[in-house]
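In: Sequence below, structure please.
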Amino acid sequence: MIVRDKLYIGGLWTDPSDTTPLDIRSPHDQSLVGQSVQALPADVDRAVTAARAAFDEGPWRQTTPEQRQDLIVRLNKLREARGEEIARLITGERGNPLWFNRAGQGGLTRQALGYLKAAREIGWEETLEPSVPDAGFRSVVRREAIGVVAAVIPWNSPFSAALAKMIPALLAGNTVVLKASPENSLSMMLLADLFDELGLPEGVVSILPADRETSEYLVAHPGVDKVAFTGSTGAGRSIAAVAGRQLKHVSLELGGKSAAIILPDADLTEAVPALRFSSLMNNGEACIAQTRVLAPRSRYEDVVTALKELLDGLKVGDPTEEDTFIGPLVRAEQQERVRSYIRLAIEEGARLVTGGPESPAGLEQGNYVKPTLFADVDNSMRIAREEIFGPVLVVIPFDDEDDAVRIANDSDYGLSGGVWTADVEHGLEIARRIRTGTFTVNSAPIGFDGPFGGYKTSGTGREYGAVGLTEYVEHKTITVPA
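Out: From the prediction side, this is the model:
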């Protein structure tokens, strides 16, 4: 059993305000994985004070972009060296499949490399050519750190969410207080080990697992200059309101209810197997999951039948086993939430094709939900409009391409989506018409050089690459005589 009895505050392992440990139990069988202490507002005060001092007065502010880039290169190597340990720990506390967390290690490397490339190319200080000849002055534009960044992340993909914020914040010269979910206490303390080995100046990084109340205290803290948040749309609205009152910088990566459009010319033998990952990755606990499958009426039952065969063929069970595709959901409350949506869909008149609200046979001790498919779904049903965050798909019929685009866009969300077609260029035309922050044609992988984020209630701001890096900088213009 893993025991973590200290918090990582300002680069130092520190006794918490409350020494009562939280039990971290396996979502698979409720066995005890470990214990970790949780941060309280008093610990947040210490972390923000340390971050404020490091930014305002410490040596961190004097580091060059190149020095900070070298540190991130080292951090990435430290993480890669412990990739298997990280993957197993997340599976133990989170319940998602071990193969998924192993595969995610490569994604973390590509994410870091994308930010490093942007940091090397961005132009931290540059002189602008005047638009008026012989203007008599020249303008110098500097990109500078914002200050103290509060990074608040969810439980579904802890390392990815944490480093998507911490790496660009540090590359820009900010200091960071990371607030992690209690469910990820053990893996986030392993992340603290990596930063401890990295040897940043005192105060630059704090990592605090904590509950919602402490998170709210951090977000509202007057010593914080920017809030970077990934989580639910409801929580994002609350954070935006607080940030707006205090005129803080804020970026929000929120929920999704993305559509996968299967055009009439699509090859179902390629499209449907690809939805295995696009729609059901990470136990379905993924904001970018394409959980609304839009099928042409002319091929509707073919799509439904193919999806039923796909879901029925997925292994549900122990997430440490190599062939498991769907593991347990993170906690019992999430399991019940997903089950309640399944029951609601049946009440709304959707046709239950496979799955259902009952636990899979033999897995009653864990937080398991059967992969579930609904047909005869109207886009106005709650099952088609609200983010469920579990292995539940709906199939919605469309009449023609304009109807498919209309249905895809008829959502409060706009995070992701995809189209399947035999004509890639035509797929690109469809993509241009969909109001989402990311979109794939024939399940092409999403890279880390372009921006990632949402339209509408899926958030504000962007992550990854050059655009993601600029979320953590102030722009200063200095005018001097020519």
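
In: Give me the residue at the spatial middle of this protein.
Out: Ala161 (4.8 Å; Cα atoms, centre = their mean).

In: That one: which element?
Out: Per DSSP states H and E, Ala161 falls inside helix 158-171.

In: mind listing what's buried in that helix?
Out: For helix 158-171, burial by neighbour count (16 or more other Cβ atoms under 10 Å) applies to 158-171. Heads up, the C-betas are built off the backbone N, CA and C, glycines and all.

In: Which strands and helices lie in contact with it?
Out: On a contact count with 3 or more Cβ pairs under 8 Å, 6 or more residues apart in numbering; DSSP states H and E, helix 158-171 meets helix 65-81, helix 83-94, helix 98-121, strand 148-152, strand 175-180, helix 185-198, strand 226-230, helix 465-470.

In: could you dump those to CSV with mean pLDDT, mean neighbour count and distance to Gly313?
Out: Below are the helices and strands packed on helix 158-171 laid out as CSV (pLDDT from 0 to 100; neighbours: other Cβ atoms under 10 Å; distance: least, Cβ to Cβ, whole Å):
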stretch, mean pLDDT, mean neighbour count, distance to Gly313
helix 65-81, 98, 16, 33
helix 83-94, 98, 22, 22
helix 98-121, 97, 18, 16
strand 148-152, 98, 28, 38
strand 175-180, 98, 28, 35
helix 185-198, 98, 22, 30
strand 226-230, 98, 26, 32
helix 465-470, 97, 21, 36
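
In: Which among the ones you listed is found nearest to Tyr300?
Out: helix 98-121 (30.5 Å; Cβ to Cβ).

In: which residues touch that closest one?
Out: 65, 68-69, 72-73, 75-76, 79-80, 83-84, 86-88, 90-91, 157, 159-160, 163-164, 167-168, 171-172, 281-282, 319-322, 324, 447-449, 464-466, 468-469 (Cβ atoms under 8 Å, 6 or more residues apart in numbering).

In: One more: stretch 415-435?
Out: Here stretch 415-435 makes contact (Cβ under 8 Å, 6+ apart) with 254-256, 258-263, 265-267, 270-271, 274, 278, 287-290, 401, 404-405, 408-409, 414, 436-443, 453-456, 458-459.

In: My guess is Val369 contacts Phe389. True?
Out: No: the pair Val369 / Phe389 is not scored as a contact, 10.4 Å apart, by Cβ atoms under 8 Å.

In: Of those two, which one has the most company?
Out: Val369 (31 against 25; other Cβ atoms under 10 Å).

In: How about the contacts made by that one?
Out: Neighbours of Val369 in contact, by Cβ under 8 Å, 6+ apart: 329, 335, 338-339, 342, 355, 359, 390-392.

In: per-residue pLDDT, it?
Out: Note on Val369: pLDDT of 98.

In: With adjacent residues omitted, what lies nearest to it?
Out: Nearest non-adjacent residue to Val369, counting by Cβ to Cβ, 6 or more residues apart in numbering: Val338, 4.9 Å away.

In: burial of that neighbour, as a residue count?
Out: Val338 has 22 neighbours, counted by other Cβ under 10 Å.

In: Settle this for me: it is touching Gly390, isn't it.
Out: Yes: Val338 lies in contact with Gly390 (Cβ under 8 Å); the separation is 3.3 Å.

In: which residues are in contact with both of those two?
Out: Common neighbours of Val338 and Gly390 (Cβ under 8 Å, 6+ apart) are 284, 329, 369.

In: re earlier: adding distance to Ala150 and pLDDT, write the buried residues of helix 158-171 out as JSON lines.
Out: Output for these, formatted as JSON lines (distance: Cβ to Cβ, whole Å; pLDDT from 0 to 100):
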{"residue": "Pro158", "distance to Ala150": "16", "pLDDT": "97"}
{"residue": "Phe159", "distance to Ala150": "18", "pLDDT": "98"}
{"residue": "Ser160", "distance to Ala150": "18", "pLDDT": "97"}
{"residue": "Ala161", "distance to Ala150": "14", "pLDDT": "98"}
{"residue": "Ala162", "distance to Ala150": "12", "pLDDT": "98"}
{"residue": "Leu163", "distance to Ala150": "16", "pLDDT": "98"}
{"residue": "Ala164", "distance to Ala150": "14", "pLDDT": "98"}
{"residue": "Lys165", "distance to Ala150": "9", "pLDDT": "98"}
{"residue": "Met166", "distance to Ala150": "11", "pLDDT": "98"}
{"residue": "Ile167", "distance to Ala150": "16", "pLDDT": "98"}
{"residue": "Pro168", "distance to Ala150": "14", "pLDDT": "98"}
{"residue": "Ala169", "distance to Ala150": "10", "pLDDT": "98"}
{"residue": "Leu170", "distance to Ala150": "14", "pLDDT": "98"}
{"residue": "Leu171", "distance to Ala150": "17", "pLDDT": "98"}
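
In: tell me which of these is nearest to Met188?
Out: Pro158 (6.0 Å).

In: The closest one contacts Ser187, doesn't it?
Out: Yes: with contacts counted by Cβ under 8 Å, Pro158 reaches Ser187, the gap being 5.4 Å.

In: so what sits against both of the two?
Out: With Cβ under 8 Å, 6+ apart, Pro158 and Ser187 have common neighbours 90, 94.

In: mind listing the strands for the stretch 351-482 of the chain?
Out: All strands of the stretch 351-482 of the chain, identified by DSSP state E, counting those that start in this stretch, fall at 351-354, 372-375, 392-398, 413-414, 417-420, 440-441, 455-456, 459-460, 473-481.

In: Many thanks, have a good one.
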